[in-house]
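Trainee: Need a 3D model of the sequence below.
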Amino acid sequence: HPAREREDAETTPRHVQEQEPAERPGGVDGQEHPVRRVEHPSLHVGEERRPRERVRVPVGELPLLPRLVQQCATRVVREINARELFESYLQQVFSQRGEGWVDVALAEITECISDGDHAPPPKSAEGIPFITISNIDKSTNTIDFSDTFKVPEQYFENLKETRVPKAGDVLYTVTGSFGIPVVVPSDRAFCFQRHIGLLRPLDSVDSRWLYYLLMSPIVFTQAESGATGTAQKTVSLKLLRNIHVPFMPLEQQKSIAENLDRIFENTKHLEGLYSSKLEALDELKKSLLQKAFSGELTNSSSEAAA
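Mentor: Take a look at the predicted model:
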């Protein structure tokens, strides 16, 4: 009927009406993003027509989720660094002055401080492992013997006794990546390059305590300030021997070393946890990015992810 059709046309509203984009301050990343105002009717049979409602939907907010995940991961790395926490604890331990503590140079608490042979070592298919800085695992402060070249046994036997490591000695990198200490765990035969120093502690010095002392910011700061060179900084043996450190009775050294061993193990455990969390965040970022570009993300899914 013409009159009925005319009435329907006058009373039926548009389902969606887009207006000019407006600015919405304070998006999920603190930036301003355009939004579209979507107008729609409330259609209920038998009820009086309600006023149109405006729903503000941020355009581009969902694709920002991967960026938020990355920001979260960066914040984790920046604010929760287990290694830095441990170094901070080392600073506290060795900066205090307990009863019976005295200030000494490293040369006063060691039998010798030397480095590797300065002559180019001969290589052989079989023989004694020769350690370079690349064979020192910086994450665990241990020696990796799996990929070393060998030197003849005759070369090894002709080395000075102060250049032949034995159990309880502490190695210390002095060139390039200087400042990495490693406790020699056994009397396994090996030798090392001149870019690595060797500290042989006195009987009154605990090797583990000396290891943590060399790892502490107190020692590293002095080594860094006195290192020479441009392309590769070098800590000379003279500088190393004259670095001043706190010294205390042997029983206190052992107590400190045992406590630091436990804390260091906890530190490595925390680093493993943080690493796994970052990997999970990276996977979440990739998943959200893929869904954002494929159009799978919806308001409900974004709320679920949050």
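
Trainee: Touching stretch 144-163 from outside, list them.
Mentor: 112, 114-117, 121-132, 135-137, 164, 189-192, 198, 200 (C-beta atoms under 8 Å, 6 or more residues apart in numbering). Bear in mind the C-beta positions are built from the backbone N, C-alpha and C, glycine included.

Trainee: For that stretch, buried residues please.
Mentor: Using 16 or more other C-beta atoms under 10 Å as the test for burial, stretch 144-163 gives 148, 150-152, 155-156, 163.

Trainee: what secondary structure does the spatially closest residue to L85 that is not a sequence neighbour sit in?
Mentor: Computed as C-beta to C-beta, 6 or more residues apart in numbering, the closest residue to L85 that is not its neighbour in sequence is T267, at 7.0 Å. Classification of T267 using DSSP: H, G, I helix; E, B strand; the rest coil returns helix.

Trainee: these two touch, right, I128 and C191?
Mentor: Yes. The criterion here is C-beta atoms under 8 Å, and I128 meets it with C191 at 6.2 Å.

Trainee: rewinding a little: among the contacts of stretch 144-163, name the ones in strands.
Mentor: 112, 114-115, 128-131, 136-137, 191-192, 198, 200 (DSSP state E).

Trainee: wait, what's in contact with V219?
Mentor: So V219 contacts 179, 213, 243, 245 (C-beta under 8 Å, 6+ apart).

Trainee: again with S236
Mentor: 174, 226, 228.

Trainee: Please tabulate those in a markdown table and include neighbour count and distance to A257 as additional columns.
Mentor: A markdown table is the format used below for the contacts of S236 (neighbours: other C-beta atoms under 10 Å; distance: C-beta to C-beta, whole Å):
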| residue | neighbour count | distance to A257 |
| --- | --- | --- |
| V174 | 26 | 23 |
| G226 | 16 | 26 |
| T228 | 10 | 31 |
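
Trainee: Serialize those residues to CSV and add fields for pLDDT and distance to L250.
Mentor: Compiled in CSV, the contacts of S236 are given as follows (pLDDT from 0 to 100; distance: C-beta to C-beta, whole Å):
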residue, pLDDT, distance to L250
V174, 97, 27
G226, 96, 28
T228, 96, 34
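
Trainee: ok, of these, which one's closest to K254?
Mentor: V174 (27.0 Å; C-beta to C-beta).
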